[in-house]
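Peer 1: Give me a model of this one.
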Amino acid sequence: MSSRFKNSLRFFLVTIGIITFTSFTIDATDTFKSSQTALSIFANHLTKQSCPDEMVEVFHNEARFCIDKYEVSPGDGCVYNEPKGVSETAINIGDADCEPVSVDGELPWTFLAQSQAKQLCAKRNMRLPSAGEWFATSLGTPDSSQNCNLNSDLSDTGSMTACVSGAGAYDTVGNVWEFVDEKISNGVYDERLVPSEGFVSLADSNGVALETDMVASAIYNDDYFWSKQEGDYIMMRGGFYGSKERGGIYSTYAEAEPLFASAAVGFRCVLPLK
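Peer 2: From the prediction side, this is the model:
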């Protein structure tokens with residue numbers, strides 16, 4: 001081994017050691033300096049948490065998170081690979097060998113309630129997305145039946161190859177409605193009254209309607225908002241395989257009761273990043 005190679009190797013190992021040690025102490029140093037040094041930025045980049053292969057990384061409100069690339073399906077170890085009711089979903093949840101998965105080419109997991117979707121995400125040490133996280137994930141997805149499953153039957157995940165968001169998530173528009181971790185009580189969501197049912201004519205930063213109209217708006221892709229003013233409801237986003245032009249990234253179903261489950265509703269999970 002040449003002396004030049006030995007010296008280069010020694011320099012590389014020492015440098016890595018310095019960066020590793022520095023990454024443990026840099027936060028305290030930067031707190032006093034009120035700024036990041038070039039070394040801290042590099043160290044943070046090296047230690048930055050990344051997403052699992054089945055997920056994509058999304059930014060929302062200055063935070064990073066991972067979200068399933070595909071709508072969740074039952075894994076191979078599940079008793080019911082295509083649950084036909086909430087009781088079959090419950091059996092899958094109680095089965096230690098049953099893992100919810102995000103993969104291409106499988107039917108989405110349907111016939112489950114929002115609370116069951118939460119349990120399934122928890123089996124992966126994850127959670128349901130908020131309305132804002134879901135909306136950030138969906139941005140850039142084509143809003144048409146030519147590109148997304150809005151006017152057909154339930155399809156395998158990822159089968160509409162053009163129905164992909166800017167972040168790389170498939171089928172946020174159509175195929176199945178997707179549960180988000182939100183509730184509406186007596187018409188109140190996020191400390192405000194939701195508008196009456198109608199076409200979205202103005203939306204907040206989470207893509208949820210602020211105002212609706214009886215006339216469809218091209219600005220909001222003719223997307224529709226379903227709501228009721230009395231009672232407790234959960235929220236679903238994106239539309240399903242029969243929504244036609246009313247489904248899309250602004251499409252929101254806010255009139256489903258907490259126990260609601262059907263063949264047209266699924267979910268995906270979120271893993272927050274540090």
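Peer 1: okay, CA-based contacts and neighbour counts for the rest of this
Peer 2: Fine.
Peer 1: ok, for residue 262, nearest residue in space, not its chain neighbours?
Peer 2: For residue 262, ignoring the flanking residues on the chain, the nearest one in space by C-alpha to C-alpha, 6 or more residues apart in numbering is residue 111 at 4.7 Å.
Peer 1: That should have said residue 274, apologies.
Peer 2: Using C-alpha to C-alpha, 6+ apart, the closest residue to residue 274 is residue 49 (6.7 Å).
Peer 1: The one you found contacts residue 271, correct?
Peer 2: No: look at residue 49 against residue 271 with C-alpha atoms under 8 Å: they stay out of range, at 10.9 Å.
Peer 1: Name the helix or strand for residue 222, please.
Peer 2: Using DSSP states H and E, residue 222 is not contained in any helix or strand.
Peer 1: List the residues that contact it.
Peer 2: Taking C-alpha atoms under 8 Å, 6 or more residues apart in numbering as the criterion, residue 222 is in contact with 199, 200, 216, 245, 246, 247.
Peer 1: domain assignment for the protein?
Peer 2: 3-47, 55-272 (automatic domain parsing).
Peer 1: Give me the mean pLDDT for the longest one.
Peer 2: Same thing as domain 55-272. The average of the pLDDT scores along domain 55-272 is 97.
Peer 1: before we move on, the earlier item: can you tell me which of the domains of the chain is most buried?
Peer 2: The highest mean neighbour count among the domains of the chain, using mean count of other C-alpha atoms under 10 Å, belongs to domain 55-272: a mean of 21.
Peer 1: mind checking the end-to-end distance for that one?
Peer 2: Criterion C-alpha to C-alpha, to the nearest Å; first-to-last residue distance in domain 55-272 is 11 Å.
Peer 1: again with stretch 241-252
Peer 2: So stretch 241-252: terminal residues 14 Å apart, C-alpha to C-alpha.
Peer 1: Can you give the contact residues for that stretch?
Peer 2: Stretch 241-252 is contacted from outside by 135, 138-139, 141, 143-145, 149-154, 172-176, 199-200, 203, 207-209, 220-226, 235-240, 264, using C-alpha under 8 Å, 6+ apart.
Peer 1: Next one: residue 203 from residue 163, what distance?
Peer 2: Between residue 203 and residue 163 the distance is 22 Å, computed by C-alpha to C-alpha.
Peer 1: For the stretch 1-150 of the chain, which segments count as helices?
Peer 2: Along the stretch 1-150 of the chain, the segments classed as helices by DSSP state H, counting those that start in this stretch run 3-33, 38-47, 86-94, 114-123, 131-138.
Peer 1: Determine the set of other helices and strands touching whichever strand or helix holds residue 199.
Peer 2: Counting by DSSP H and E, the element that carries residue 199 is strand 198-203. Contacts defined by 3 or more C-alpha pairs under 8 Å, 6 or more residues apart in numbering; DSSP states H and E place strand 198-203 against strand 209-213, strand 224-227.
Peer 1: Present those strands as CSV; the columns should include distance to residue 85.
Peer 2: Below are the helices and strands packed on strand 198-203 laid out as CSV (distance: least, C-alpha to C-alpha, whole Å):
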stretch, distance to residue 85
strand 209-213, 31
strand 224-227, 24
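Peer 1: Which among these is found nearest to residue 89?
Peer 2: strand 224-227 (26.3 Å; C-alpha to C-alpha).
Peer 1: Report the strands that pair with the next helix or strand after the closest one, each with its relative direction.
Peer 2: Scanning forward in sequence from strand 224-227 by DSSP H and E, the next helix or strand is strand 232-237. Strands that pair with strand 232-237, judged by DSSP bridges, come out as strand 177-185 (antiparallel), strand 252-256 (antiparallel).
Peer 1: any chance of those in TSV, plus distance to residue 95?
Peer 2: Below are those laid out as TSV (distance: least, C-alpha to C-alpha, whole Å):
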stretch	distance to residue 95
strand 177-185	22
strand 252-256	28
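Peer 1: If anything else comes up later, I'll come back, but that's it for now.
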